[in-house]
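*Asks:* missing the sequence, but the structure's below:
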């Protein structure tokens, strides 16, 4: 019983870390796109 709970807790924490990492990378990607758009607008 204790082992099952430990494994479930480990799985949940790993999934949480993965979701946080993907959110951070998505935000970084959006930031880069916004910077590129701003540079394009500056050219005009």
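*Replies:* Ah, there it is. Bear in mind that the values here come from a model prediction, so they are computed numbers and not experimental data.

*Asks:* Show the pLDDT at residue 35.
*Replies:* Per-residue confidence at residue 35 stands at 85 (pLDDT).

*Asks:* and it, how many neighbours does it have?
*Replies:* By other C-beta atoms under 10 Å, the residues close to residue 35 number 10. Using the backbone N, CA and C atoms, a C-beta is placed for each residue, glycine as well.

*Asks:* and if you look at residue 40?
*Replies:* Counted with other C-beta under 10 Å, residue 40 comes out at 9.

*Asks:* That one and residue 33, how far apart?
*Replies:* 11 Å (C-beta to C-beta, to the nearest Å).

*Asks:* again, but for residue 14
*Replies:* 29 Å.

*Asks:* now swap in residue 39 and tell me
*Replies:* If you go by C-beta to C-beta, the gap between residue 39 and residue 33 works out to 11 Å.

*Asks:* And for residue 23?
*Replies:* For residue 23, the distance to residue 33 - C-beta to C-beta - is 16 Å.
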